[in-house]
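*Asks:* dropping a prediction and its sequence here:
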Amino acid sequence: MRSLGAHDIDEAEDALRDLRHELRGEFLGSDSYVPVFVLTMLIVVLIPLSEGNIWLQLPLTFVATGTLLLALRRSHIRAARLRSLSILALVAGAMMLVASVAVHATGSTNRLFASITSILLGFLLFLSIPAMLRRVLTAPKVTLNVLSGALAAYLLLGLLFASAYRVIATATTDPETRQTTFFAQKAQPVSADFEYFSFITITTVGYGDLTPGNDGARAGAVAEAIMGQVFLVTIVARVVSNLGTERSAEQRRGAITESRRDASAPATDDSDDSDAGTMD
């Protein structure tokens with residue numbers, strides 16, 4: 001074995017320096033979706049833990065608002081639209097904050113606050129998810145950043161349906177008894193129940209401890225289960241299979257159209273084999 005010379009050591013140091021620079025850009029760069037994914041995971045974890053705990057609900061509100069602002073900013077949407085959506089995100093966050101403090105102070109929930117907050121958050125999620133996916137599908141190189149964006153969008157989709165379920169439940173709540181028929185097993189669900197039901201639906205786990213109790217809940221569950229599986233098959237699977245590869249300008253322009261075509265096409269036995277090399 002030949003001894004390492006000064007030139008070899010310099011090359012190794014340059015390679016390590018380049019690797020550190022690349023990883024720093026992936027995790028902390030101005031276009032990185034890794035922080036968005038980490039913050040979204042934090043939201044998913046905090047929602048069940050913060051139920052009834054004002055000291056966790058307040059940080060959750062700030063984290064949720066900041067995550068939406070960060071996701072919108074890194075989606076490179078137009079400046080005017082970014083300003084408008086940022087204002088809406090701040091309004092939704094302020095309403096969540098007021099609602100949390102009011103519930104803690106009075107010990108009761110306000111249906112109007114809950115509905116408006118859920119609608120605003122749902123609207124922001126509905127707009128931020130396509131903006132994120134546009135960058136994911138048109139990125140010139142499939143990297144860890146692109147994968148983080150796809151996974152963050154998947155988690156935000158689950159939170160979007162959780163917000164929609166809360167709106168449906170609020171609309172079907174009896175004003176006198178404060179009971180809803182959204183769940184067959186629980187007449188007075190809380191935010192953690194809607195998030196839990198959303199993610200066991202989108203992942204098609206379906207434990208059965210919470211099941212839809214009315215037509216609106218059933219329609220939402222069916223839509224989420226289908227959209228979740230289509231998302232995994234047509235977007236996340238593509239990103240994972242092409243991780244580390246370069247995409248030409250033609251492939252980037254056709255990525256969104258091709259993904260939509262796959263989502264609408266009927267499944268066949270050869271679909272997995274044919275999709276694996278589509279973007280290579």
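*Replies:* Right, received. Where do you want to start?

*Asks:* just the helices in the chain please.
*Replies:* Here the chain has its helices, by DSSP state H, at 6-28, 34-49, 54-73, 79-106, 111-138, 144-171, 191-202, 215-231, 237-241, 249-264, 271-276.

*Asks:* mind putting those helices into CSV with mean pLDDT?
*Replies:* Formatted as CSV, the helices of the chain follow (pLDDT from 0 to 100):
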stretch, mean pLDDT
helix 6-28, 60
helix 34-49, 89
helix 54-73, 85
helix 79-106, 80
helix 111-138, 78
helix 144-171, 90
helix 191-202, 93
helix 215-231, 93
helix 237-241, 83
helix 249-264, 52
helix 271-276, 41
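
*Asks:* save those as JSON lines, and put in mean neighbour count too.
*Replies:* Heads up, the C-betas are built off the backbone N, CA and C, glycines and all. As requested, the helices of the chain are exported to JSON lines (neighbours: other C-beta atoms under 10 Å):
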{"stretch": "helix 6-28", "mean neighbour count": "11"}
{"stretch": "helix 34-49", "mean neighbour count": "18"}
{"stretch": "helix 54-73", "mean neighbour count": "19"}
{"stretch": "helix 79-106", "mean neighbour count": "15"}
{"stretch": "helix 111-138", "mean neighbour count": "19"}
{"stretch": "helix 144-171", "mean neighbour count": "23"}
{"stretch": "helix 191-202", "mean neighbour count": "21"}
{"stretch": "helix 215-231", "mean neighbour count": "16"}
{"stretch": "helix 237-241", "mean neighbour count": "17"}
{"stretch": "helix 249-264", "mean neighbour count": "14"}
{"stretch": "helix 271-276", "mean neighbour count": "12"}
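
*Asks:* out of these, the one nearest Arg178 is which?
*Replies:* Nearest to Arg178, of all those, is helix 111-138, at 8.3 Å by C-beta to C-beta.

*Asks:* now the angle from the closest one to helix 79-106?
*Replies:* Taking axes from the mean of the first three to the mean of the last three C-alpha atoms, to 10 degrees, one finds helix 111-138 and helix 79-106 inclined to each other by 140 degrees.
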